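> can't give you the sequence, but here's the structure:
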């Protein structure tokens, strides 16, 4: 690794010149140059340590030695494509199968969550013979052309809504159509999907799939209300469509007790297709689609090969297997539950002292803290969220925002995040919010911290 | 790596059960289980060695220790996403820029050739404001929904031709519209694209891009005739479109003298967008789009971020840099020229003795041998090609077929392929063809080896 070392300024100048500007930097005013990382810590070129609350991809911790060992050992041995028989792909598929309901027993390995969602769309359309897709408002399912089409978060800013795409309300019980005070928001939101499907049918069109993140992330860390998914699945299936659970952000135990976030909707609930990605290879490009025998068969019956050059290669699968081993050995799901519960409890306490915290939600190490200027009107406190992210950077803590108004502070750290890390983050946020309340009362025009 | 070892039968049974059957195996009657590889050699579970003439992805040789070292060192250090500044991505982009014409100076890193072509399509459509695409007959540009739409090789078997896709004749001077005897096939084939664009305009539609592999591979290792690409680029640009060179299979010096296959069309010829993939990471999922400042600017101006979770991460870029180092240090382009020229000369000699060899074509280590039952009629000798592949497997040599009739034997081995390897392959093919001529004269109904 005798690479030339550049100053941060040189790196930034070369980046501006050589990399498409659409590829954005965190903290674009003054980006951070990270040169090494371990566990939940990032280190910049001067050795300054940052606590990482962002990197859900680096699931078992940055640069975990077991993952590196597994990758290097397999790279030294073999890394062909899947047109040859190999143990890793079948052992890995078998291992994933053991985490899923029995029906989800056929696997396709790909290189990114986007490739997985694109393939899920192909599977759904091929199986059902229908074209149309229902998605949730504000959803994001990937950067590919086909996925921008089914991502309101993107298509509204780009090519617009296609005639085969239909947007259902985000089942947000904090600020959506039906809220905590509704007797059965799960049923009520599911019925919006039923009504939408009826509208689609009236247009003479037919549904191939309902796509949903099991805990809508870009939408703002939304917890689907109880009973929502089984009911939607029932409506979608009777319309001839399939239920696709996008677990790219939420899978692999991030929620702690449940390996897959869709399990929160009840033991009997099973999607027809599950897509997975980000945390799967701890940073290595690895993703997957799991589906039923029936759907896989319909895809095979078209007689056309599906070949993905790198997907499911022995190195990717060795890394995937090593990640599952590490998760078990280090009880990272248990840690996600313990630390996540502690962190959520701390945020709830903070909420009682800072009125800008409108809502605290999420499960395990996938939490969202929604900031509002006014708890009644729920006006998004976007500027406060932005400033909080910047101030936390000064405290050497990396967090990000999400949600339609970028007012939800997101926590999705590596799964080795500790109670001490949680304490530090919350104490820093407490200090920053107190300071903002005292010194920047006009930040959001309406004062923050007072309602 | 204490993975359980399975017998070949167990592996095969698990594969059938767990992996989508659309993911096909080589030698599906009796697939091969490969457990390790080195250089241009594959080894099965019994230690039997196969000479690999297929694995263009494993560009500098299977499991090259320098690539593994670079990957492991970087994996141990850092593997974040590109929202942080990092040297590897900019050093790698700079290195790639030095291989390309000056205009192609902005880079987007992704995880597969398919992701690269999908992004190229987005760039072209955004820049031109047009939608329609012209592609060559039999072309294949990837497995994603958007790319199946522009791949006649796939869409003819699946969803059919979309109204925004237009298919130009494959400029095949062996069996196409205009052949070796035409005074200027480059101009003649380019004029078919000009005529097609006129038809598109008559429909009130507009061209965003002409997509072409710089040496059409699935089409049957077709050498674009001299002058074709510059002329097509001229027509496409005057229609408001851009020229996309798909170098996913042909780039990175596979052709020897030229680093990029599009360079064969003359020093002055420069595409507007170049996509790259397969060999780029020696098996690691790594791919890229290179384009001009103008096109990148139009993509940025839409105000929407392009974020690819794994694309351009420090490990991928370390591997990409190491691959370029190995290519230079081991003079693999020189080797491709020397061994490729020798192999082509041997095939030409073989052609003089076996009438089933209708054509020998290609450059460097990207060669095609087209088999025909009749040199006048050029009837594809598909069964002979199929049998040749199977017999070569018995001789422990892996080759594959391509072209619309699967009658073109393809050679795209790792770039460390040697003169001795070439001699062995050709001598085996000689023996097999001689045997087929003597013992299976009715294989293709018409006798082979006699015209």
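Nice, I can see it. Please read these numbers as outputs of a predicted model, since none were measured by experiment.
> flag the shaky bits of the stretch 251-400 of chain A, pLDDT-wise.
Counting by pLDDT under 70, the stretch 251-400 of chain A shows no low-confidence range.
> would you map the strands across it?
Secondary structure of the stretch 251-400 of chain A by DSSP state E, counting those that start in this stretch: the strands cover A:273-276, A:287-291, A:357-363, A:366-374, A:379-380, A:397-398, A:400-402.
> partners of the last one, with directions?
The reference is to strand A:400-402. Taking DSSP bridges as the criterion, strand A:400-402 sits next to strand A:408-411 (antiparallel) in its sheet.
> between the strands of the stretch 251-400 of chain A, which one is closest to residue B:304.
strand A:400-402 (15.8 Å; Cβ to Cβ). All C-beta atoms are positioned from the backbone trio N, CA, C, and that covers glycine.
> next, the residues that contact the closest one from outside, please.
With contacts defined as Cβ atoms under 8 Å, 6 or more residues apart in numbering or on different chains, strand A:400-402 is touched by A:26, A:53-54, A:217-221, A:368, A:385-386, A:389, A:407-410.
> closest to chain B out of the residues you listed?
Taking Cβ to the nearest Cβ as the measure, chain B sits nearest to residue A:26 out of the contacts of strand A:400-402, at 4.3 Å.
> could you check how far the closest one is from residue A:369?
19 Å (Cβ to Cβ, to the nearest Å).
> comparing those two, which residue is more hemmed in?
Between residue A:26 and residue A:369, counted using other Cβ atoms under 10 Å in any protein chain shown, the more crowded position is residue A:369 (30 against 18).
> check what pLDDT the residue nearest to that one when sequence neighbours are not counted gets.
Distances taken as Cβ to Cβ, 6 or more residues apart in numbering or on different chains place residue A:409 nearest to residue A:369, at 4.4 Å, with adjacent residues excluded. Listed pLDDT for residue A:409 reads 98.
> doesn't residue A:361 make contact with residue A:409?
No. Residue A:409 lies out of contact with residue A:361 (Cβ atoms under 8 Å); the separation is 11.3 Å.
> more crowded one of those two?
A count of neighbours by other Cβ under 10 Å puts residue A:409 above the other of residue A:409 and residue A:361, at 27 against 20.
> tell me the contacts of the more buried one?
A:368, A:369, A:370, A:371, A:385, A:388, A:389, A:399, A:400, A:401, A:429.
> ok, residue A:6 to residue B:336 distance?
Look at residue A:6 and residue B:336: by Cβ to Cβ, they are 32 Å apart.
> tell me which of those two has more neighbours.
residue B:336 (24 against 19).
> re earlier: biggest separation within the contacts of strand A:400-402, which pair?
A:26 and A:219 (20.7 Å).
> what does the nearest residue to residue A:388 once chain neighbours are set aside show for phi and psi?
Nearest residue to residue A:388, sequence neighbours excluded (Cβ to Cβ, 6+ apart): residue A:432, at 5.8 Å. Dihedral pair for residue A:432: phi -70, psi -50, per degrees, to the nearest 10.
> residue A:432 reaches residue A:393, doesn't it?
No. Using Cβ under 8 Å, residue A:432 is not in contact with residue A:393, being 10.8 Å away.
> for the stretch 251-400 of chain A, what spans make up the helices?
A:293-301, A:314-329, A:332-353, A:382-394 (DSSP state H, counting those that start in this stretch).
> which one of those lies nearest to residue A:195?
helix A:293-301 (26.2 Å).
> and that closest one, what's buried?
By 16 or more other Cβ atoms under 10 Å in any protein chain shown, the buried positions in helix A:293-301 come out as A:295, A:296, A:298, A:299, A:300.
> determine which two of those are furthest apart.
Largest separation among the buried residues of helix A:293-301 by Cβ to Cβ: A:295 and A:300, giving 9.9 Å.
> what sits closest to residue A:289 if chain neighbours are left out?
In space, residue A:289 is closest to residue A:108, 4.5 Å off (Cβ to Cβ, 6+ apart).
> pLDDT value on the one you found, please?
98.
> for residue A:169, see how far away residue A:248 is.
Taking Cβ to Cβ, one finds residue A:248 at 22 Å from residue A:169.
> and the two? Which one has more around it.
The neighbour comparison of residue A:248 against residue A:169 (other Cβ under 10 Å) goes to residue A:248, with 29 against 16.
> helix or strand: which one has that one?
Using DSSP states H and E, residue A:248 maps to neither a helix nor a strand.
> how about the contacts made by it?
Contacts of residue A:248 by Cβ under 8 Å, 6+ apart are A:113, A:116, A:117, A:142, A:213, A:275, A:276, A:277, A:278, A:287.
> in which helix or strand does residue A:118 reside?
Applying DSSP H and E, one finds residue A:118 within helix A:113-128.
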